[in-house]
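Undergrad: Quick one, structure for this:
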Amino acid sequence: MKEELPAPMKTLSEISADLLTAFKNLREIVRRPSKLDEKTKRLALTAAYAAIGCVDCLAGCITEGLSEGIGLDELLEAASIAVLVHGAEAVITIHKAIKMIRGKIQ
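TA: A predicted model of the protein is given here:
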């Protein structure tokens, strides 16, 4: 079964299939293990998405992290770092993301 694209990625693909491909390629390159392993990069992404306030991005990142075997407690601890960076808005983003995926996690 083909993976469903999130709505923002669908929009990007409608604008330009090349842009979507470029974004996917960049994402793959950034997420490759190098100096930092995949788990560390996932945790950093979790904190970054919470800090910028992207609820959909954070929910997706947490969901992917869980499927990669990262504990919810670790992902939420990483997300909580955003509170230092972005204060109360990060708390609201974390709350909304967890609310969004509540039925998908145990």
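Undergrad: Low-confidence stretches in this protein?
TA: Along the chain, the model assigns pLDDT under 70 to residues 1-3, 106.
Undergrad: Break it into its domains for me.
TA: Structural domains annotated on the chain: 1-32, 36-104, as defined by automatic domain parsing.
Undergrad: which of those domains sits most buried?
TA: For those, the largest average neighbour count (mean count of other C-beta atoms under 10 Å) is found in domain 36-104, namely a mean of 17. For glycine as for every other residue, the C-beta is placed from the backbone atoms N, C-alpha and C.
Undergrad: Centroid-nearest residue for this structure?
TA: C61 (2.6 Å; C-alpha atoms, centre = their mean).
Undergrad: What residue, apart from its backbone neighbours, is nearest G60 spatially?
TA: P6 (6.5 Å; C-beta to C-beta, 6 or more residues apart in numbering).
Undergrad: Same check on F23?
TA: L12 (6.4 Å).
Undergrad: how far away is that neighbour from A51?
TA: With the distance defined as C-beta to C-beta, to the nearest Å, L12 ends up 22 Å from A51.
Undergrad: name the helices or strands packed onto the host helix or strand of L43?
TA: Using DSSP states H and E, L43 maps to helix 38-52. Packing contacts for helix 38-52, counted by 3 or more C-beta pairs under 8 Å, 6 or more residues apart in numbering; DSSP states H and E, involve helix 17-31, helix 55-67, helix 72-86, helix 88-101.
Undergrad: now those as CSV including distance to L45?
TA: Output for those, formatted as CSV (distance: least, C-beta to C-beta, whole Å):
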stretch, distance to L45
helix 17-31, 8
helix 55-67, 5
helix 72-86, 8
helix 88-101, 13
